[in-house]
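> model this:
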Amino acid sequence: MEHTFLLKADWNGGRNSDGRIEAGQLRTAISIPAEMGGPGVGTNPDEMLLGAAATCYLITLAAMMERAGLPVVSLTLESEGIVDVTNNIFTYRRIVHRPRVLLSVEATDGQIEQALRLAEQAESSCMISRAVAGNVALSTEPVVERTA
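Residues are numbered from 1 along each chain as shown. Modelled structure (predicted):
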């Protein structure tokens, strides 16, 4: 079985212009980010790649923890994308996911260890991670704690 995703885009000129994209429920303005000499309107490919990787990782991790029956109270994520600029060539170097998992006070030490393992495994289970593997370094720095 295959799933097809469709994106439509409009662009209003040259490099320093802006545009719009629509893909499913996503509708937003786009441009080159201000940090890279663009107008900084809406989002940009760098943020969208990070967003795709982060949301895929987060949803995958949540599903894995649910299947494992872990007593998750909250699951948050901060992800960082690092882009190298050398000789005016932009290269997406790495993505670091920093999930924070809060388990219930009754969680066992074994469940904490399992949550840490799943936080590492979710990276290789995510479709977007597999798509960029070999081109962008991917890593996780999970924190798992019990509620007080």
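> from here on, contacts and neighbour counts on C-alpha atoms
Will do.
> Just give me the residue right at the centre of the protein.
Among the residues of the chain, the one closest to the centroid is residue 54, at 1.3 Å (CA atoms, centre = their mean).
> need the contact list for that one.
Residues near residue 54 by CA atoms under 8 Å, 6 or more residues apart in numbering: 77, 79, 97.
> Narrow the residues you listed to those that are buried.
79, 97 (16 or more other CA atoms under 10 Å).
> next helix or strand past the helix of greatest length in the chain?
Secondary structure of the chain read by DSSP state H shows that its longest helix is helix 45-68. Sequence-wise, the next helix or strand downstream of helix 45-68 (DSSP states H and E) is strand 72-86.
> So what are the sheet partners of that following strand and their directions?
Strand 72-86 has its sheet partners listed here by DSSP bridges as strand 89-103 (antiparallel).
> Residue 43: how many residues sit nearby?
Residue crowding around residue 43 was assessed by other CA atoms under 10 Å; the count is 18.
> Touching, it and residue 28? I think so.
Yes - with contacts counted by CA atoms under 8 Å, residue 43 reaches residue 28, the gap being 7.2 Å.
> check contacts around residue 21.
7-10, 27-30.
> Could you identify the buried members of the residues you listed?
29-30.
> about what we covered before: just the local confidence number for the residue nearest to the centre of the chain, please.
Per-residue confidence (pLDDT) for residue 54: 98.
> what do you get for residue 35?
So, for residue 35, pLDDT stands at 86.
> Run a quick neighbour tally on it.
8.
> ditto for residue 32
Residue 32, neighbours per other CA under 10 Å, totals 21.
> What separation do you get for it and residue 85?
14 Å (CA to CA, to the nearest Å).
> again, but for residue 58
For residue 58, the distance to residue 85 - CA to CA - is 28 Å.
> now swap in residue 26 and tell me
29 Å.
> The two: who's more crowded?
Each of residue 26 and residue 85 has its neighbours counted (other CA under 10 Å); residue 85 has more, 12 against 8.
> which residues touch that one?
Residue 85 neighbours (CA under 8 Å, 6+ apart): residue 91.
> do residue 122 as well
57, 60-61, 64.
> Kindly recompute the last result at 6 Å.
Residues counted as contacts of residue 122 (CA atoms under 6 Å, 6 or more residues apart in numbering) are 60-61.
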